[in-house]
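[1] Structure of the sequence below:
(one chain, ligands or ions: 1)
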Amino acid sequence: MRYIVALLAALTALPAAAQPLDTAKRLVAAALADSWAYEFVAGLTTEIGPRLAGTDAARRAAEWSAARLREAGFDEVRIESFPMRAWLRGTESAAVIAPSPQTLAVTALGGSVATAPEGIEAEIALFRSYGELLLAAPGSLDGKIAVVTQRQTRFMDGTGYGAAGPVRRAGPSEAAKRGAVAYLHRSLGTADHRLPHTGALNYQEGAPRIPAAALSNPDADQLERLSARGTVRVRLALATSAVESAQGFTVVAELKGSETPEEIVLIGAHLDSWDLGTGAIDDGAGCAIVAGAAKLIGSLPRRPKRTVRVVLFGAEEMDYSGPAYAAAHGGQAAKIVIAGESDFGARKVVQIQLPPNATASMFGRGLGAAVAPLGIVMSPAPALTGGADIRPLQRLGVPVMSLRQNGIDYFDIHHTANDTLDKIDRAELAQAVAAWAATAYLAAETGVDFRALGHER
Ligand SMILES: [Zn+2]
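    A predicted model of the protein is given here:
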């Protein structure tokens, strides 16, 4: 309560003619003292838990979030639904059958077809890199279970995940085109625990759809050692299912602009999660960060000139919500002045990337001054992406930003059963809220035109 009183005093004490930078600094201070974002992600992960897109839990998560946002004082809160195919995990198991029987820790990839109930048993063909799989001749994997054990390199900015992405997304179809009957790969993950990392695959048109699962990293190591010693037989059993005509739910909350409400600063995150953990760092934290940032902006005595729109996307993991949002609101693209998504965990923001030429603009200098005390560096390089759900808007010409967090251990936890609330540090989460609050506020208040800056030389 003391905090809330202090916070309200700090915000309402703002003089009416305060410069935007002064207000941004006050938002930073208020964010660091505010626990709303942490309480949001704690409530979401406790009262709802896992939120696989297309399930009843995801619908309840949308209703729960909308209720919290209404309580937080947003001007308008709505839930937008879209059609999608829901994928559901069932039982899953794998084992080495010969030469030395033992259990393997695996989890089905999102979208994977099921095996027959008794599973698939076959010899494995092991590749230490994805490139090596692509070099395999058609027919060379006939009747085999293809295994790719390529490692993901640890980077603070997640570069290793992007580089390893095709192993999971495209690997199953590439193996199937060469005759494989099932696909296993080393998890896209950087830890040495025995929790496999799930994630979506993308079957290619025209390739047979084969069951596919991720191995924990120690199990991938074990298969490497076994295959170096001779022939290995593995059994894989996955009982996945799908609901063809399900619904996804995206939550939208707005602070209406006080002067040019038709101009929109869009800050997003994704509300859906994988089913293995409770989706705390991916991406309950992101929802808490952007909603918490906007809530603080909404606590100011006056709304910023432009509208601040929070979008909690409902099916990022299965690739539905970004396209669905752009399909429904693409007509507004010219009025979205900037967009970004918080989807890289709960740690501190370390760097901000803006649209071309914006870092050196008055806007970029002001933002840099507001966030420098948080230890944040303004990147000289422009943002290449605003996040998976933002990409379809970016294709429509919307300028994007990227508030890059410290992700050094993000891929130890990402998409595993270990993605739970205890991994979130309150102070780091609050720092991220502060960074988003300052950025969104200045973009909404200063009238900066990122499109015009992009055309400067
Ligand atoms: Zn995510």
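[2] and stretch 47-57, how far apart are its ends?
    10 Å (Cα to Cα, to the nearest Å).
[3] Might you calculate how far that stretch sits from the centre of the chain?
    Between the centre of stretch 47-57 and the centre of its chain there are 16 Å (Cα atoms, centre = their mean, to the nearest Å).
[4] Buried residues, it. List them.
    By neighbour count on 16 or more other Cβ atoms under 10 Å, the buried set for stretch 47-57 is 48, 49, 50, 51, 52, 53, 54, 55, 57. The C-beta positions use only the backbone N, C-alpha and C, and glycine is treated the same way.
[5] What ranges in the stretch 1-150 of the chain fall below the confidence cut-off?
    Along the stretch 1-150 of the chain, the parts satisfying pLDDT under 70 run over 1-18.
[6] Do a quick rundown of the strands in it.
    76-88, 92-98, 102-104, 106-108, 120-127, 145-148 (DSSP state E, counting those that start in this stretch).
[7] now for the first one, which elements pack on it?
    Packing contacts for strand 76-88, counted by 3 or more Cβ pairs under 8 Å, 6 or more residues apart in numbering; DSSP states H and E, involve helix 56-71, strand 241-255, helix 321-329.
[8] 7 Å - rerun?
    The contact analysis (3 or more Cβ pairs under 7 Å, 6 or more residues apart in numbering; DSSP states H and E) places strand 76-88 against helix 56-71, strand 241-255.
[9] And these: which comes nearest residue 429?
    Nearest to residue 429, of all the helices and strands packed on strand 76-88, is helix 56-71, at 15.8 Å by Cβ to Cβ.
[10] Which neighbouring elements make contact with the closest one?
    The helices and strands touching helix 56-71, judged by 3+ Cβ pairs under 7 Å, 6+ apart, are strand 76-88, strand 241-255.
[11] possible to save those as TSV with distance to the ion?
    Shown next, in TSV, are the helices and strands packed on helix 56-71 (distance: least, Cβ to the ion, whole Å):
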stretch	distance to the ion
strand 76-88	16
strand 241-255	14
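[12] Any idea which of those strands gets closest to residue 199?
    Among the helices and strands packed on helix 56-71, strand 76-88 sits nearest to residue 199 (Cβ to Cβ), with 11.8 Å.
[13] Return the distance of that closest one from the chain's centre.
    17 Å.
[14] Close to the ion: what parts of this structure are there?
    Contact residues, the chain versus the ion (Cβ under 5 Å from the ion): 282, 283, 343.
[15] what pLDDT, on average, does stretch 255-271 get?
    Across stretch 255-271, pLDDT averages out at 98.
[16] Distance from the chain centre to it, please.
    Centre-to-centre, stretch 255-271 and its host chain are 20 Å apart (Cα atoms, centre = their mean).
[17] for stretch 35-53, same thing?
    Put simply, stretch 35-53 sits 15 Å off its chain's centre (Cα atoms, centre = their mean).
[18] circling back: and the residues of the chain next to the ion, which of them are in helices?
    Applying DSSP state H to the residues of the chain next to the ion, no entry is found in helices.
[19] mind putting the residues you listed in JSON lines, distance to residue 438, pLDDT and neighbour count included?
    Formatted as JSON lines, these follow (distance: Cβ to Cβ, whole Å; pLDDT from 0 to 100; neighbours: other Cβ atoms under 10 Å):
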{"residue": "282", "distance to residue 438": "24", "pLDDT": "98", "neighbour count": "25"}
{"residue": "283", "distance to residue 438": "21", "pLDDT": "98", "neighbour count": "32"}
{"residue": "343", "distance to residue 438": "19", "pLDDT": "98", "neighbour count": "24"}
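[20] quick one on the thing from earlier: any chance of the strands of the stretch 1-150 of the chain in TSV, with mean neighbour count too?
    Formatted as TSV, the strands of the stretch 1-150 of the chain follow (neighbours: other Cβ atoms under 10 Å):
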stretch	mean neighbour count
strand 76-88	17
strand 92-98	18
strand 102-104	14
strand 106-108	26
strand 120-127	20
strand 145-148	27
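[21] now the residue lying closest to residue 430 once chain neighbours are set aside: how far from the ion?
    Distance criterion Cβ to Cβ, 6 or more residues apart in numbering; nearest residue to residue 430, sequence neighbours excluded, is residue 32 at 5.2 Å. For residue 32, the distance to the ion equals 25 Å [Cβ to the ion, to the nearest Å].
[22] wait, isn't residue 32 in contact with residue 432?
    No: contact status for residue 32 versus residue 432: not in contact, 10.6 Å apart, counting by Cβ atoms under 7 Å.
[23] who's more crowded, these two?
    Legend: neighbour count by other Cβ atoms under 10 Å for residue 32 and residue 432, higher for residue 432 (31 against 14).
[24] what about the more buried one, helix or strand, and which?
    helix 426-445 (DSSP states H and E).
[25] How far off centre is that helix?
    Centroid separation for helix 426-445 versus its chain: 18 Å, with Cα atoms, centre = their mean.
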